[in-house]
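Asks: any chance you can model this:
(chains A and B)
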Amino acid sequence: MKKNSKLSGLYLGILFFLMYLPIGVVVVFSFNEARLPVRFTGFSLKWYQELFHDRDLIQALKNSLILAISSCGVSAVIGTLGAVGLSRIHWKTKGVMEYISILPLMIPEIILGMVLMAFFYMLNLPFGMLTLLIGHTVFCVPYILMEVKARLVGMDPSLEEAARDLGAGSFRAFWDITLPLIMPAVISGSLLAFAMSMDDVVISIFVTGPRVSTLPIKVYTQMKTGVTPEINALCTMMLGVILLVLAVYLIMGKRGKGNKRDEQ
Amino acid sequence: MKQFKHLIKPYIIWASILIVVPLILIVLYAFTSDGNEVLTLHFTWANFAKFLETTYLSVILKSFRLGILTTLICLVCGYPLAYIISKYSEKVQSFLILMVTIPMWINMLLRTYAWMNILSDNGLVNNLLKMLGISPITMMYTDFSVIVGLVCNFMPFMIIPIHTSLSKMDKSLIEAANDLGANPFQTFWKVTWKLSMPGVVNGVMMVFLLSISTFVIPKLLGGGQYMLIGNLIESQFISVGDWNFGSAISLILAVIILIFMSLMKKMDTQDD
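Replies: Next up, the predicted model:
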């Protein structure tokens, strides 16, 4: 095998530079004193101060957090039960059901969004937090389901059988044996779903009501008017939160893998 | 463990109500007229016929052109990157791949917005040009800005599958080709490229699907007047209110995607 030449190293550098440059620009100019992203005139936190005085924005952030936590909670229950159930059935429709379970991740977001909008309209549901919550579970459940399913495949079924043989009821066996074993997957799947829910723009635009907005929706509507330092500051803070969630997710994933190795 | 079978019930109920029923509903919408009342069905082909009007046809063509162009650029820039990454030691590789995936975690809005900072009329590039004494160029709200946004957003989806198949490749095959007298170009074309085909197919599929169905990126970087299929669907549902036509467009988009996916799958299996 030939080693990488200097030229290929340079190419790598240029592409990574292009990938990270825009993000860097946002972060740097969020601390800029001047209004225009022209020249760095001095370090300042005033755009962050302005953010904290923007009541609509704080409300949007609250909405986003409530929405992400509740849709994750609901999805964790449905997704975990679904994954455990799917691993136990041997129906002919199993293949179809597994296909349907990942369908929301394969359909373009825009189609999913409008499909849900039409559906909620037909059901006469009031557009707002409720429709947002239901809409978000549609793409949150598959993430959790997939993580838990992958974990169940690697699990030793004899552990649960042993518990049953030792006299535990089926509920007890599930609660004491299966659930703790799949818990890392449930948590990492939920974190993934949480990040997706906090991040979602497209589906939220379709299923939200006129008065309720989440953080991404708020950012999206403000962006249409152009570049402002407040949005730079807001984006920098969102970036911080995302990186934090990502770090937790990666650490959880490593721990999950470590556990798997211990079992073998 | 038959006792756990009933655990799946809530999931089945959820999936059928929120995935299956709405999808059927949209197909129904696409073939009916008379606004949003589903209960009074009037079957019609009018929604699809409307599509053949030149304004809408040009939107589809434009989406195709941009989708193909974005996919090509991602492939041409992403393949060498994946290739270079796969040549490093395993530790460096996993670090570099993490570096590729991190932007995927960052909000799509944020990444798109970052480009607005750079490309806008008083943005970074134009200021650099001004300093060099060159007259500024309008880059925002053009095909160029939209393509830059699409390529940067979707590049990781091209790099990762290609890297996966390159790193799984049996390295001795390359040595064998070299030993048998193939020049580097022949080795690459006949061995490496062929073996990385599954990754290329996956990457092309992902990037094309994402770029043909997007609507946020063209709206932000292309301006309010910029129309791709995604924007057309959005405007039919949110501002125009012609849901039947909107559903018909989505159905056409779904069919395009299905055809494309089966074509790519065929290519993949042929190479095996």
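
Asks: might one say that A:Leu18 is in contact with B:Met155?
Replies: No - if you go by Cβ atoms under 8 Å, A:Leu18 and B:Met155 don't touch, sitting 9.0 Å apart. Just so you know, the C-beta spots here come from the backbone N, C-alpha and C atoms, and that holds for glycine as well.

Asks: which residue is nearest the centroid of chain B?
Replies: Geometric centre of chain B, nearest residue: B:Leu210, 2.0 Å, by Cα atoms, centre = their mean.

Asks: which stretches of chain A have low pLDDT?
Replies: A:1-4, A:36-39, A:226-227, A:253, A:255-264 (pLDDT under 70).

Asks: what residue in the stretch 151-272 of chain B comes nearest to chain A?
Replies: Closest residue of the stretch 151-272 of chain B to chain A, Cβ to the nearest Cβ: B:Ser213 (3.4 Å).

Asks: tally of neighbours for that residue?
Replies: When neighbours are counted by other Cβ atoms under 10 Å in any protein chain shown, B:Ser213 registers 24.

Asks: contact partners for it?
Replies: Residues near B:Ser213 by Cβ atoms under 8 Å, 6 or more residues apart in numbering or on different chains: A:108-111, B:229-230, B:253, B:257.

Asks: reformat those as a markdown table; add neighbour count and distance to B:Met267.
Replies: Formatted as a markdown table, the contacts of B:Ser213 follow (neighbours: other Cβ atoms under 10 Å in any protein chain shown; distance: Cβ to Cβ, whole Å):
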| residue | neighbour count | distance to B:Met267 |
| --- | --- | --- |
| A:Pro108 | 21 | 21 |
| A:Glu109 | 23 | 26 |
| A:Ile110 | 26 | 26 |
| A:Ile111 | 22 | 25 |
| B:Ile229 | 27 | 23 |
| B:Gly230 | 27 | 26 |
| B:Leu253 | 22 | 21 |
| B:Ile257 | 19 | 16 |
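
Asks: for those, which one is nearest A:Leu132?
Replies: For the contacts of B:Ser213, the minimum distance to A:Leu132 (Cβ to Cβ) is 14.5 Å, reached by A:Glu109.

Asks: do you know how far that closest one is from B:Thr32?
Replies: 25 Å (Cβ to Cβ, to the nearest Å).

Asks: repeat for A:Met183
Replies: In terms of Cβ to Cβ, A:Met183 sits 47 Å off from B:Thr32.

Asks: do A:Gly42 as well
Replies: 61 Å.

Asks: sorry, back to before: which one's more surrounded, A:Leu18 and B:Met155?
Replies: Using other Cβ under 10 Å as the criterion, A:Leu18 and B:Met155 rank with B:Met155 on top: 25 against 14.

Asks: hmm, B:Gly222 is touching B:Ser145, no?
Replies: Yes - at 6.8 Å, B:Gly222 and B:Ser145 qualify as touching, with contact defined as Cβ under 8 Å.

Asks: quick one, which of the two is more surrounded?
Replies: The neighbour comparison of B:Gly222 against B:Ser145 (other Cβ under 10 Å) goes to B:Ser145, with 25 against 22.

Asks: with adjacent residues omitted, what lies nearest to the more buried one?
Replies: Sequence neighbours aside, B:Leu221 is the residue nearest to B:Ser145 in space, at 4.4 Å (criterion: Cβ to Cβ, 6 or more residues apart in numbering or on different chains).

Asks: so what's that neighbour up against?
Replies: Taking Cβ under 8 Å, 6+ apart as the definition, contacts of B:Leu221 comprise B:112, B:115-116, B:119, B:140-141, B:145-146, B:148-149.

Asks: in helices, which of these appear?
Replies: Counted as lying in helices by DSSP state H, out of those, are B:112, B:115-116, B:119, B:145-146, B:148-149.

Asks: among these, which two are most distant?
Replies: Applying Cβ to Cβ across the ones in helices among the contacts of B:Leu221, the maximum distance is between B:Met116 and B:Val146, 11.7 Å.

Asks: settle it for me: which of these two has more neighbours?
Replies: For B:Met116 versus B:Val146, the count of surrounding residues by other Cβ under 10 Å is larger for B:Val146: 27 against 21.

Asks: shouldn't that one be in contact with B:Lys219?
Replies: No - counting by Cβ under 8 Å, B:Val146 sits too far from B:Lys219 to count as a contact (9.5 Å).

Asks: now list whatever residues contact both of these two.
Replies: B:Tyr226.

Asks: please name the nearest non-neighbouring residue to the residue of chain B found nearest chain A.
Replies: Closest approach between chain B and chain A, counting by Cβ to the nearest Cβ: B:Ile8, at 2.5 Å. The spatial neighbour of B:Ile8 that comes closest, neighbours along the chain excluded (Cβ to Cβ, 6+ apart), is A:Gly85 at 2.5 Å.

Asks: helix or strand: which one has the residue nearest to B:Ser145?
Replies: Assessed by DSSP states H and E, B:Leu221 sits inside helix B:216-222.

Asks: isn't there a strand covering A:Met237?
Replies: No - with DSSP: H, G, I helix; E, B strand; the rest coil as the criterion, A:Met237 is located in helix rather than a strand.

Asks: can you pull the phi/psi pair for B:Phe43?
Replies: Dihedral angles of B:Phe43 (phi, psi; degrees, to the nearest 10) stand at phi -70, psi 140.

Asks: wait, does stretch B:119-126 contact chain A?
Replies: Yes - contact of stretch B:119-126 with chain A (Cβ under 8 Å from any Cβ of the partner chain) involves B:120, B:122-124.
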